[in-house]
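Undergrad: Below is the sequence, then the predicted model.
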Amino acid sequence: MDKLRRYRGIIKQALTERADLMRSQPVPGEQVVCLFEEETDNYVLLRFGWLRGKRLHSITLHLRIAEGKIQVEQDWTEDFVDELIALGVPKEDIVLGFTPPELRDLSEFAAV
């Protein structure tokens, strides 16, 4: 299996499992959905609804595949990158997109 197809599968699996976990502990008024767009290789875990009279619309996770690497654009979890590694994604193929480019060389992950 080629790398792109493998990474698509890993991302979909990881996001779906995270969404299922969140749904197993429901918050009244909140909905959790995964959005997958292979054409642009963008993958999102979204929370939305109404909580205590206030609108909720929050991207918990946003990943994309670019240049053969998984770019983590948004991550409001404590351990999602660890899940990617456990599923077989090497650190050199993970870019922390929310980290300023000039600081990425200081991490153990890919700079670009």
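TA: Yes, it's here.

Undergrad: who touches the closest residue to residue 105 other than its chain neighbours in this structure?
TA: Spatial nearest neighbour of residue 105, chain neighbours left out: residue 111 (5.1 Å); criterion: CB to CB, 6 or more residues apart in numbering. Yep, even glycine has a C-beta here, placed from its N, CA and C like the rest. Residue 111 makes contact with 95, 101, 104-105 under the criterion CB atoms under 8 Å, 6 or more residues apart in numbering.

Undergrad: Residue 57 too?
TA: 46-48.

Undergrad: In JSON lines, list those residues along with neighbour count.
TA: As requested, the contacts of residue 57 are exported to JSON lines (neighbours: other CB atoms under 10 Å):
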{"residue": "46", "neighbour count": "16"}
{"residue": "47", "neighbour count": "18"}
{"residue": "48", "neighbour count": "15"}
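
Undergrad: If we only consider those, which is nearest to residue 71?
TA: Proximity to residue 71 was ranked across those by CB to CB; first place goes to residue 46, at 17.6 Å.
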